[in-house]
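Enquirer: dropping the sequence and predicted coords here.
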Amino acid sequence: MFGYRSNVPKVSLTTERLTIRLANERDAYRLADYYTENRDFLKPWEPVRDQSYCYPSGWQVRLNTIGELHKQGLAYYFLLLDLEDNEVIGVVNFSNVLRGDFHACFLGYSLGQKWQGQGLMYEALRPALRYMLNQQRMHRIMANYMPHNLRSGNLLVRLGFEREGYAKDYLRIDGHWQDHVLMALTNSDWKPAI
Ligand SMILES: CC(C)(COP(=O)(O)OP(=O)(O)OC[C@H]1O[C@@H](n2cnc3c(N)ncnc32)[C@H](O)[C@@H]1OP(=O)(O)O)[C@@H](O)C(=O)NCCC(=O)NCCS
């Protein structure tokens, strides 16, 4: 549709090993490959994903919705790709973006099995968080993890997130309500738009 794409923010961040950019409608095959390859690995750490996560047609539908959310500034779905922009290495999403007197959102992420333990999520999240704090002017970014997800907890602490609480039966992961540690990163330098 005329004018549609011009309203979608064009965000592409480059690090030493990664391209980090917003997902777009041409990513259906890449995302289906990522979720097919990592289906078993991600299962214990994520809500139940239906079969459509493994099919480009399922992603085509989802990416239309994601594009609309990007356009309206309600969520930002980033892909972590190799520097040639081919393979999805992981995903980072900032969802439920609220502004006004809250200016806050939730962070979620995952990394493919073969990319674990190389510092790649830390490398990606540093510029992605900077973008959300500086360009989208978030005051608070919230991220929560199951107590036994030590890798996720360590990552958040290293990024400067602080523990704010503990929620019983907080989120349904792999079909079961699971307790979560509640973490947040707040921006003490936040200033209202001029
Ligand atoms: C959570 C998750 C993203 C963390 O991945 P990760 O690779 O450990 O992330 P990091 O970028 O923080 O890398 C840190 C690891 O890389 C190692 N590393 C290797 N080279 C490194 C480098 N150059 N710089 C930093 N760390 C490096 C670190 O020692 C550490 O490994 P360790 O935990 O064995 O000590 C990943 O485990 C995952 O996708 N899990 C499944 C989904 C999930 O849990 N999502 C979050 C739900 S809350």
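Expert: That came through fine. Numbering: from 1, shown residues only.

Enquirer: residue 13 contacts residue 22, correct?
Expert: No: Residue 13 lies out of contact with residue 22 (CB atoms under 8 Å); the separation is 9.9 Å. Quick note: C-beta positions are derived from backbone N, CA and C, even for glycine.

Enquirer: wait, a strand at residue 83?
Expert: No: secondary structure assignment (DSSP: H, G, I helix; E, B strand; the rest coil) places residue 83 in coil, not in a strand.

Enquirer: what residues does residue 54 make contact with?
Expert: By CB atoms under 8 Å, 6 or more residues apart in numbering, the contact list for residue 54 reads 32, 35-36, 39.

Enquirer: neighbours around residue 170, how many?
Expert: 16 (other CB atoms under 10 Å).

Enquirer: and residue 121, how far from the ligand?
Expert: 4 Å (CB to the nearest ligand atom, to the nearest Å).

Enquirer: from the chain, which residue is nearest to the ligand?
Expert: residue 119 (2.4 Å; CB to the nearest ligand atom).

Enquirer: can you give me the strands for this structure?
Expert: 12-14, 19-22, 76-81, 88-98, 104-111, 140-145, 162-173, 176-186 (DSSP state E).

Enquirer: write out the residues of this protein neighbouring the ligand.
Expert: 42, 45, 109-111, 116-122, 145, 149, 151-152, 155 (CB under 6 Å from any ligand atom).

Enquirer: list the residues that contact residue 139.
Expert: Residue 139 makes contact with 102-104, 186-187, 190 under the criterion CB under 8 Å, 6+ apart.

Enquirer: how about residue 127?
Expert: Residue 127 touches 13, 15, 20, counting by CB under 8 Å, 6+ apart.

Enquirer: pick the one among the residues you listed closest to residue 83.
Expert: Set against residue 83, the nearest of the contacts of residue 127 by CB to CB is residue 15 (9.1 Å).

Enquirer: ok so, going back, how about the residue of the chain closest to the ligand, phi and psi?
Expert: The phi/psi pair for residue 119 (degrees, to the nearest 10) reads phi 80, psi 20.

Enquirer: and for it, the neighbour number?
Expert: Counted with other CB under 10 Å, residues neighbouring residue 119 total 11.

Enquirer: then residue 192?
Expert: For residue 192, the number of neighbouring residues by other CB under 10 Å comes to 7.

Enquirer: low-confidence ranges in the protein?
Expert: Within the chain, the ranges that satisfy pLDDT under 70 run 1-7.

Enquirer: which helix in it has the most residues?
Expert: Secondary structure of the chain per DSSP state H: the longest helix is helix 56-72.

Enquirer: got a list of what the residue of the chain closest to the ligand touches?
Expert: Listed by CB under 8 Å, 6+ apart, residue 119 has no contact partners.

Enquirer: mind doing that once more with 10 Å?
Expert: Shown in contact with residue 119 (CB atoms under 10 Å, 6 or more residues apart in numbering): 17, 155, 158.
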